[in-house]
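S.K.: sequence and computational prediction follow.
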Amino acid sequence: MSLLKKVLSTTLAVLVASVFLFSFPALTSAAHASEIHAYTQESSGQQFEIGPDSLITVSLERNPSTGYHWKDVPFKPFGRSNIVVSVFPELGSEYFPSQPVMPGSGGVEVFAYGVESMGLGVIQLELISPSGAVADTVEIGLMVVNQ
C-alpha cells in the first residue's frame, strides 16, 4: 500500500472516530478517557502499547449491500492477564455510509472499546459472509501499561 493511501486511510479513521465519539449525547461517559486510539484494518496483526482508561476505535470498511458484516468476537485475555476490555454499552458500533450515499456504495463501521485495567489481550473482529463463513479477521494486540 502506498504511503499516501496509508495516510489517507489513517486520517479517515481518525475523522470518522471523532465524528462517532462526539456526535452522540450518550457518549458523555467516554469523556473520562485519558487517551483515544484510532485503529484500522491495516492495524491487524500488530501490538500497541496504551494506557489504562483509554478509548479505542476500530474503523473497518463495509458494504452492507454485499451481505457481509463485521462481528465483534469476545475479548481474549492472554494467560493470567486480568485486563478488561469491554464495548461501551452506549457505544457499541456504528455504520457511516460513504458520501454521497448511492445504491451499492460502502462505508465505514466503527467499533468502540474502553480499557479499564492493565494487562495483555487482543481485540478480534470477523468479517462474516452471507453463508456465515468467516471471510476475514482483524486482530489488534493490546499491551495496557501505566505510562
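M.R.: Nice, I can see it.
S.K.: where does the prediction get shaky in the chain?
M.R.: Applying pLDDT under 70 to the chain flags residues 1-33, 75-91, 147.
S.K.: in it, which spans are strands?
M.R.: 35-40, 47-50, 54-62, 69-77, 85-87, 93-97, 107-115, 119-128, 134-144 (DSSP state E).
S.K.: can you list the strands that the third one pairs with?
M.R.: Strand 54-62 sits in its sheet next to strand 35-40 (parallel), strand 107-115 (antiparallel), going by DSSP bridges.
S.K.: now do the buried residues in it.
M.R.: 54, 55, 56, 57, 58, 59, 60, 62 (16 or more other C-beta atoms under 10 Å). Placement of C-beta: from N, CA and C, glycine included.
S.K.: wouldn't the third one be in contact with residue 112 here?
M.R.: Yes. Under the criterion of C-beta atoms under 8 Å, residue 56 lies in contact with residue 112, with a separation of 7.1 Å.
S.K.: quick revisit: closest one of the buried residues of strand 54-62 to residue 36?
M.R.: Set against residue 36, the nearest of the buried residues of strand 54-62 by C-beta to C-beta is residue 55 (4.8 Å).
S.K.: show me what that closest one is bridged to.
M.R.: Beta bridges link residue 55 to residue 36, residue 114, judged by DSSP bridges.
S.K.: I figured it hits residue 111, correct?
M.R.: No. Assessed by C-beta under 8 Å, residue 55 is found out of contact with residue 111, at 11.5 Å.
S.K.: specify the beta-bridge partners of the nearest residue to residue 62 once chain neighbours are set aside.
M.R.: Closest residue to residue 62 in three dimensions, ignoring its sequence neighbours and counting by C-beta to C-beta, 6 or more residues apart in numbering: residue 109, at 4.4 Å. Legend: beta-bridge partners of residue 109 under DSSP bridges are residue 60, residue 95.
S.K.: distance to residue 133 added to the buried residues of strand 54-62, as TSV?
M.R.: Converted to TSV, the buried residues of strand 54-62 look like this (distance: C-beta to C-beta, whole Å):
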residue	distance to residue 133
54	33
55	32
56	27
57	27
58	21
59	23
60	17
62	17
